[in-house]
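Undergrad: coords below, sequence missing:
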Ligand code: LFR
């Protein structure tokens, strides 16, 4: 049997990549074949995604996979796409994409307050399991309606589903990504007509839902030709939400604190059922869909975005090199003066802008001295993220009644040594770190199971660990902390 190649297209908010896995009798080997930058762009004064360019980059990456497969006499056996949540493209009645795919960092902060009349946050949570965050698709679509941007009948496709549509011509709504809209009933995993009605979105068309790990369609003849594949390539719906892909290994027992640490930090637990209690709502936890019908009970916290945005501002002003990794390393070797802690989920940190000044203001507001300089700010960010993770651990235990036994940090933030160490110290739990490219790996894992190559996603993780790709995906362990006071601060 010839070797098989699978391609994971993993679109992150600050970079995208195509990772290829080669499967043969000798096992599985994966490598990143293409990486490209991503970020918000301004279109007519609106914060958007550069969709055309991102798709071009995707095609470039798939072309490399097709070429490699061809050269080795292997089969190009699958493509899967995952991305950040909540954002969407609108297709008109002819199936054409309306221009201006909005970026959630430009979402109207008053969206939830404006919708309160139409549907209270309490009811919306009971029905969706999702708290009222301005970035939710529900509020973004409402503002499209208000702006008169819709004529009626436009089809809503979240980013991974939009990509699958570009690749195959087939429209669908994969359940993990659909759950980020706040329009899905978490008990059924299907669109909720009541929520769609209540949010005033009855004029949109929502495509049929589909489970992750299902076949979506073959690449169209146009795409097959563009990527230079010798025949149409099967496209699978993976866990379309990058967070669900990153946590595709999770066991739904609520006993491990899961942290997907990228531009955003998603921290919480994997459960077998949604948890729609009033307590969970007040604490601001989302019930997003994980793979296999599991629930990811997560808190949406700021993440590495705070560091990248500060670094951008410092570099612009000539105050620091535009090198986040170096800044973190320098900050880690500083003598550990207590750094001020601010609330990383403060909505004022959402938009691009003068992040160092905003952080200083948040510290002052809570009666602390702001960080004195660049490295102090870096420490303050990391300390505040670790403190937020530790707080999340305590809240999860309270909400679920299940004691946590460990922490796992995946995603880019798992490379941040100081963050991982401080998380271990502040939670008092052993922390397992990595993989850093967790979303791409989860994407591949779901495809390999769907294609019958492997029997479970966790088996895929175990196999990958043995391979050379582990070099790119560092793993490590941080022991639980010693001597913690009750409030988690040492
Ligand atoms: C992480 C993520 C989060 C989502 C945020 C915005 O990349 O997907 O889960 O809340 O991006 O879409």
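TA: Okay, I see it. Keep in mind that this is a model prediction, so the values were computed, not measured.
Undergrad: what are the boundaries of the strands in the stretch 201-350 of the chain?
TA: Here the stretch 201-350 of the chain has its strands, by DSSP state E, counting those that start in this stretch, at 209-210, 214-218, 234-237, 256-261, 264-271, 286-289, 295-302.
Undergrad: could you do the stretch 351-490 of the chain as well?
TA: In the stretch 351-490 of the chain, the segments counted as strands under DSSP E, counting those that start in this stretch are 406-410, 431-433, 476-478.
Undergrad: can you add mean pLDDT and distance to residue 388 and give the ones you listed back as CSV?
TA: (Glycine included, C-beta is placed from N, CA and C.) As requested, those are exported to CSV (pLDDT from 0 to 100; distance: least, Cβ to Cβ, whole Å):
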stretch, mean pLDDT, distance to residue 388
strand 406-410, 94, 13
strand 431-433, 90, 15
strand 476-478, 46, 17
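Undergrad: which one of these lies nearest to the ligand?
TA: Closest to the ligand of those is strand 406-410 (Cβ to the nearest ligand atom; 11.8 Å).
Undergrad: ok, and what's touching the closest one?
TA: Strand 406-410 is contacted from outside by 246-247, 255-261, 389, 393, 419-420, 423-424, 427, 429-436, 438, using Cβ atoms under 8 Å, 6 or more residues apart in numbering.
Undergrad: now the angle from that strand to strand 264-271?
TA: Relative orientation of strand 406-410 versus strand 264-271 (axes from the mean of the first three to the mean of the last three Cα atoms, to 10 degrees): 140 degrees.
Undergrad: just the pLDDT for residue 72.
TA: Looking at residue 72, its pLDDT stands at 94.
Undergrad: return the distance of it relative to the ligand.
TA: 33 Å (Cβ to the nearest ligand atom, to the nearest Å).
Undergrad: residue 3 is in contact with that residue, correct?
TA: Yes - in this structure, residue 72 is within contact of residue 3 by Cβ atoms under 8 Å, at 6.3 Å.
Undergrad: which one of these two has more residues nearby?
TA: residue 3 (16 against 13; other Cβ atoms under 10 Å).
Undergrad: report the contact partners of that one.
TA: 22, 23, 24, 69, 72, 73, 74, 75.
Undergrad: show me which pair in these is furthest apart.
TA: 23 and 73 (14.1 Å; Cβ to Cβ).
Undergrad: more neighbours: which of those two?
TA: The neighbour comparison of residue 23 against residue 73 (other Cβ under 10 Å) goes to residue 23, with 24 against 8.
Undergrad: what's the weakest-modelled helix or strand in the chain?
TA: One helix or strand of the chain scores below all others by mean pLDDT, DSSP states H and E: strand 476-478, with a mean of 46.
Undergrad: that older thread, are any of the contacts of strand 406-410 buried, and if so which?
TA: Among the contacts of strand 406-410, those buried by neighbour count (16 or more other Cβ atoms under 10 Å) are 246-247, 255-261, 389, 393, 419-420, 423-424, 427, 429, 431-436, 438.
Undergrad: so which of these are also by the ligand?
TA: Among the buried ones among the contacts of strand 406-410, no residue sits close to the ligand (Cβ under 6 Å from any ligand atom).
Undergrad: residues of the stretch 51-200 of the chain that sit close to the ligand?
TA: Within the stretch 51-200 of the chain, the residues that sit near the ligand (Cβ under 6 Å from any ligand atom) are 84, 85, 86, 104, 135.
Undergrad: which residues does the last one contact?
TA: For residue 135, the contact set (Cβ under 8 Å, 6+ apart) comprises 86, 104, 105, 107, 350.
Undergrad: how deep is the closest residue to residue 366 other than its chain neighbours tucked in, by neighbour count?
TA: Leaving aside its sequence neighbours, residue 366 sits nearest to residue 342 (Cβ to Cβ, 6 or more residues apart in numbering; 6.7 Å). Residues near residue 342, counting by other Cβ under 10 Å, number 28.
Undergrad: pLDDT wise, what is residue 342 at?
TA: 97.
Undergrad: just checking, it touches residue 363?
TA: Yes - counting by Cβ under 8 Å, residue 342 touches residue 363, with 5.4 Å between them.
Undergrad: which neighbours do the two have in common?
TA: By Cβ under 8 Å, 6+ apart, the residues touching both residue 342 and residue 363 are residue 380.
Undergrad: which stretches in the stretch 1-150 of the chain count as strands?
TA: Ranges of strands within the stretch 1-150 of the chain are 4-11, 15-24, 27-37, 41-43, 46-48, 75-83, 88-91, based on DSSP E, counting those that start in this stretch.
Undergrad: which one of those strands has the lowest average pLDDT?
TA: strand 27-37 (a mean of 87).
Undergrad: adjacent strands (with direction) for it?
TA: strand 15-24 (antiparallel) (DSSP bridges).
Undergrad: and the strand it pairs with with strand 75-83, angle?
TA: 150 degrees.
Undergrad: is strand 15-24 anywhere near the ligand?
TA: No - contact of strand 15-24 with the ligand (Cβ under 6 Å from any ligand atom) is absent, the minimum separation being 11.3 Å.
Undergrad: in that strand, what counts as buried?
TA: 16, 17, 18, 19, 20, 21, 22, 23.
Undergrad: where does the stretch 301-450 of the chain have low pLDDT?
TA: 334-336 (pLDDT under 70).
Undergrad: show me where it has its helices.
TA: 304-316, 324-333, 355-365, 374-400, 417-427, 438-450 (DSSP state H, counting those that start in this stretch).
Undergrad: ok, and what's touching the third one?
TA: Read that as helix 355-365. With contact meaning Cβ under 8 Å, 6+ apart, helix 355-365 is reached by 306, 309-310, 313-314, 340, 342-343, 346, 348-349, 369-371, 374, 377, 380-381.
Undergrad: in JSON lines, list the contacts of residue 3 along with distance to residue 403.
TA: JSON lines is the format used below for the contacts of residue 3 (distance: Cβ to Cβ, whole Å):
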{"residue": "22", "distance to residue 403": "41"}
{"residue": "23", "distance to residue 403": "39"}
{"residue": "24", "distance to residue 403": "43"}
{"residue": "69", "distance to residue 403": "47"}
{"residue": "72", "distance to residue 403": "49"}
{"residue": "73", "distance to residue 403": "52"}
{"residue": "74", "distance to residue 403": "47"}
{"residue": "75", "distance to residue 403": "47"}
